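> I would like the atomic coordinates for the input below:
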Amino acid sequence: MTTLTGHLSLYATQSLKSIDNWMNVVQGNVGGSLVTGFKEVEITYGGNITHELRATTGIKNGVQIAEQSLTTANTRLNWKQGEVISSTQDTHFAIQGDGFFLLAQPPGWNNPSLTNKTAAGTDLLLTRAGDFHWGVVPNVPGIPAGQNTSANPILLNKDGLIVLAEIAGAPDGSDNYCTPVSYNDFYGADKIRPSVHQPSYDTPSSNPATTIVDYDELVYSRYGSTVLTAPTATSIKTIVNGSYGFLDSRGAGDVNGSETRLIEKALEASNVKVERNITELAVMGKVYNGFVQLIKVYNSNLDEVLGFIR
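Numbering: from 1, shown residues only. Model prediction:
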């Protein structure tokens, strides 16, 4: 057996591991198709070592063998807009366009007034899932002691994370701050609403025009696949202020030239195409069986060689 054939079983086994990753991605997509704000995961494949059995000359074509194994190169999220669906709940919101809702973790968050140009940290999280509700979180910074009660709860996401909103109206963001959204502020004269934000490479002191962090650099948090962290971000910037009953965009640079809107009483559905993922399952089965047959052929040839040796 040649070296190429000798590695056949190893290559096929590596390929089966990649197919297993493929299966996990598809399974996650099918399950995530019912989750608010879930973004479809796409998988990219790579190869291994190529083989040149004969070099190409001026008068004769060479013999080249492509990669013999399938490897998982990377996965990425498909950020295509999900369908915006109407809701009857006042606390449900959808983002049409770019941007994220900004969330804070109650245990480690100790900024009474969080500037919208704050340096990004592990206590700040991003989500597109706007299925929020009212809840009471003891000793929340930004809410005076004794005011976060059952009579004046604050807006939370499904994991109990605090939903943040910008509370000042200066369009340049120089003196704006993000705080929790309380029930009284939500239904009061100010009509405070969650703000829409972008992770930025710019420093907190820079102007509102910003260099947006590539969405491919966002990663899942411990709260699941719809709550993300921005490890490469230097700051988190407000691009749409939903406070005071109006929306204002910070500038084309904030949203890559596209329009971003905050839609009330609505949710963004998952963008997963279930039919396509089911089709991938059928293809996956055929590819899997193909590599299994390669392993069987290798083992059969190996048995014959061992028989000759005996």
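
> and the closest residue to residue 264 other than its chain neighbours, what does it touch?
Excluding the flanking residues, the one nearest residue 264 by Cβ to Cβ, 6 or more residues apart in numbering is residue 93, at 6.1 Å. Every C-beta, even on glycine, is put in place using the N, C-alpha and C of the backbone. The neighbourhood of residue 93, defined by Cβ atoms under 8 Å, 6 or more residues apart in numbering, consists of 101, 130, 132, 193-194, 242, 262-264, 266-267.

> lowest-confidence entry in those residues?
Among those, residue 242 has the lowest pLDDT, at 68.

> who wins for neighbours among the contacts of residue 93?
Within the contacts of residue 93, most neighbours by other Cβ atoms under 10 Å means residue 194, with 28 neighbours.

> circling back: now the contacts of residue 93 as JSON lines including secondary structure and distance to residue 293?
Conversion of the contacts of residue 93 to JSON lines gives the following (DSSP: H, G, I helix; E, B strand; the rest coil; distance: Cβ to Cβ, whole Å):
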{"residue": "101", "secondary structure": "strand", "distance to residue 293": "49"}
{"residue": "130", "secondary structure": "coil", "distance to residue 293": "48"}
{"residue": "132", "secondary structure": "coil", "distance to residue 293": "52"}
{"residue": "193", "secondary structure": "coil", "distance to residue 293": "58"}
{"residue": "194", "secondary structure": "coil", "distance to residue 293": "54"}
{"residue": "242", "secondary structure": "coil", "distance to residue 293": "58"}
{"residue": "262", "secondary structure": "strand", "distance to residue 293": "54"}
{"residue": "263", "secondary structure": "strand", "distance to residue 293": "52"}
{"residue": "264", "secondary structure": "strand", "distance to residue 293": "56"}
{"residue": "266", "secondary structure": "strand", "distance to residue 293": "50"}
{"residue": "267", "secondary structure": "strand", "distance to residue 293": "46"}
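
> turn those residues into JSON lines, columns for distance to residue 156.
Below are those laid out as JSON lines (distance: Cβ to Cβ, whole Å):
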{"residue": "101", "distance to residue 156": "11"}
{"residue": "130", "distance to residue 156": "12"}
{"residue": "132", "distance to residue 156": "6"}
{"residue": "193", "distance to residue 156": "15"}
{"residue": "194", "distance to residue 156": "11"}
{"residue": "242", "distance to residue 156": "17"}
{"residue": "262", "distance to residue 156": "18"}
{"residue": "263", "distance to residue 156": "20"}
{"residue": "264", "distance to residue 156": "17"}
{"residue": "266", "distance to residue 156": "18"}
{"residue": "267", "distance to residue 156": "16"}
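
> before we move on, what SS does residue 295 have?
Of the three states, residue 295 takes helix under DSSP: H, G, I helix; E, B strand; the rest coil.

> over to residue 126?
If you use three-state DSSP, then residue 126 falls in the strand class.

> burial count for it?
Close neighbours of residue 126, defined as other Cβ under 10 Å, add up to 24.

> specify the local secondary structure of residue 102.
Applying three-state DSSP to residue 102 yields a three-state assignment of strand.

> hang on, it packs against residue 124?
Yes. Shown here, residue 102 and residue 124 form a contact pair, counting by Cβ atoms under 8 Å, at 6.4 Å.

> what do those two both touch?
When contacts are counted by Cβ under 8 Å, 6+ apart, residue 102 and residue 124 are jointly contacted by residue 236.

> and the two? which has more neighbours close in?
Set residue 102 next to residue 124 and count neighbours by other Cβ under 10 Å: residue 102 wins out with 28 against 25.

> what mean pLDDT does the helix or strand the residue nearest to residue 264 falls within get?
Applying DSSP states H and E as the criterion places residue 93 in strand 93-96. This predicted structure assigns strand 93-96 an average pLDDT of 94.

> with just CA atoms, put that strand into PDB.
Coordinates of the C-alpha atoms in strand 93-96 are reproduced here as PDB (Å, rounded to 0.1, in the frame of the first residue of the first chain):
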ATOM      1  CA  PHE A  93     -39.100  44.800  21.300                       C
ATOM      2  CA  ALA A  94     -37.500  44.100  18.000                       C
ATOM      3  CA  ILE A  95     -34.500  45.700  16.200                       C
ATOM      4  CA  GLN A  96     -35.000  46.300  12.500                       C
END
